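1. Starting from these lines, generate the structure:
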Amino acid sequence: MIEKYPEIALERFDGANLWIKYIIFKIRKYLKDDVLEVGAGCGSFTKGYMKNFNSITLTDMDKNSFNLLKNNFINEKNVSVINSATKDIDKKFNTILYFNVLEHVKEDKLEIKTALEKLNNGGYLIILVPAHQKIYSKLDKAVGHYKRYDIEFFKENKFANSKVVKLHFMDFFGYLLYYLNKIFFKEETYPSNFKIFIWDKVFTPFTIVVDYLTRYTFGKNILCIYKKDD
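-> Residues are numbered from 1 along each chain as shown. Below you'll find the model as predicted:
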């Protein structure tokens, strides 16, 4: 698990409110009380679902992110913040979330296996990862991504006592923007606040429609949801 995450990346992507709402909307029926969010960063996604649940545990191995989480949720009685790897958490949950986290884990298959072991029967493991290794960029490298994912990874790797209940791409226009940015801004590491604003506020509404019309067959991200066998 990444132990030092660039603060600038957290700050800039924290403002992608429409994208975050879109993700939460897509996974809403798989969210069950007693949630663990791994690698929660500064809590950007947490803020989108926290009001609906009584027990949420956030963990992050990065010390800066851990401190941000403690400060951001200090007054939220339903949220607890810890600094532990998944394997060291002595508890089981009904939902475990990995929002753009698995790509930071070298032993990703082992991490999925471990997360499934921490789920109660009937619980859900929800994973969002960047898609398409062919567009791996300086940004991916700078924020500690071991790789971007091809959808075959989730189709080919099976895990005991679980099944995939949802697997598809998301963010059609995000892929096009990311690809063009890689070509025309080769020396850029972190996208500017303005670029993130354009992607989130201008293109994400169109992406939501096009994702639906294309049946989620193409995009910059992959959403995979596992269900632990009852």
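2. all contacts plus neighbour counts: C-alpha atoms, from now on.
-> Will do.
3. Outside of the top strand by length along the chain itself, which residues are in contact with it?
-> Longest strand in the chain by number of residues (criterion: DSSP state E): strand 119-130. Strand 119-130 has contacts (C-alpha atoms under 8 Å, 6 or more residues apart in numbering) with 27, 30-32, 92-103, 115-116, 148-149, 220-230.
4. Give me the pLDDT for the residue nearest in space to the middle of the chain.
-> Nearest to the geometric centre of the chain sits F99, at 1.2 Å (C-alpha atoms, centre = their mean). Predicted confidence (pLDDT) for F99: 97.
5. Can you flag the buried ones in the contacts of strand 119-130?
-> 30-32, 92-103, 115-116, 148-149, 220-228 (16 or more other C-alpha atoms under 10 Å).
6. In helices only, show me those.
-> Of these, the ones assigned to helices by DSSP state H are A115, L116.
7. tell me what the top helix by length along the chain is packed against?
-> Identified as the longest helix of the chain according to DSSP H is helix 172-184. Using 3 or more C-alpha pairs under 8 Å, 6 or more residues apart in numbering; DSSP states H and E, the elements in contact with helix 172-184 are helix 204-213.
8. mean confidence for the helix it packs on?
-> Mean pLDDT, helix 204-213: 98.
9. Pull up the gap between the residue of the chain most remote from its centre and L177, please.
-> In the chain, F184 marks the outermost C-alpha relative to the chain mean, sitting 26.6 Å out by C-alpha atoms, centre = their mean. To L177, F184 is 10 Å away according to C-alpha to C-alpha, to the nearest Å.
10. In this structure, where is pLDDT below threshold?
-> Within the chain, the ranges that satisfy pLDDT under 70 run 1-12.
11. Tell me where this protein has strands.
-> Using DSSP E, the strands found in the chain span residues 35-38, 56-59, 79-82, 93-99, 119-130, 162-170, 221-228.
12. Relative to G15, which of those strands is closest?
-> strand 93-99 (15.3 Å; C-alpha to C-alpha).
13. List the pairing partners of the closest one within its sheet, with orientation.
-> For strand 93-99, the pairing partners within the sheet under DSSP bridges are strand 35-38 (parallel), strand 119-130 (parallel).
14. got a list of what D230 touches?
-> Shown in contact with D230 (C-alpha under 8 Å, 6+ apart): N121, G122.
15. whoops, F203 was the one
-> Neighbouring residues of F203 by C-alpha under 8 Å, 6+ apart: F173, G174.
16. returning to that earlier point: could you check the angle the longest strand of the chain makes with helix 172-184?
-> Orientation of strand 119-130 against helix 172-184 (axes from the mean of the first three to the mean of the last three C-alpha atoms, to 10 degrees) gives an angle of 40 degrees.
17. would you put the C-alpha positions of strand 119-130 in PDB?
-> What follows is strand 119-130, C-alpha atoms only, in PDB (Å, rounded to 0.1, in the frame of the first residue of the first chain):
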ATOM      1  CA  LEU A 119     -16.300  -9.200   4.500                       C
ATOM      2  CA  ASN A 120     -19.300 -10.600   6.200                       C
ATOM      3  CA  ASN A 121     -21.300 -13.200   4.100                       C
ATOM      4  CA  GLY A 122     -23.500 -11.300   1.700                       C
ATOM      5  CA  GLY A 123     -21.300  -8.200   1.800                       C
ATOM      6  CA  TYR A 124     -19.800  -6.300  -1.100                       C
ATOM      7  CA  LEU A 125     -16.300  -5.400  -2.100                       C
ATOM      8  CA  ILE A 126     -16.400  -2.300  -4.400                       C
ATOM      9  CA  ILE A 127     -13.300  -1.500  -6.500                       C
ATOM     10  CA  LEU A 128     -12.800   1.500  -8.700                       C
ATOM     11  CA  VAL A 129      -9.500   1.600 -10.700                       C
ATOM     12  CA  PRO A 130      -8.000   3.500 -13.600                       C
END
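18. Alright, calling it a day.
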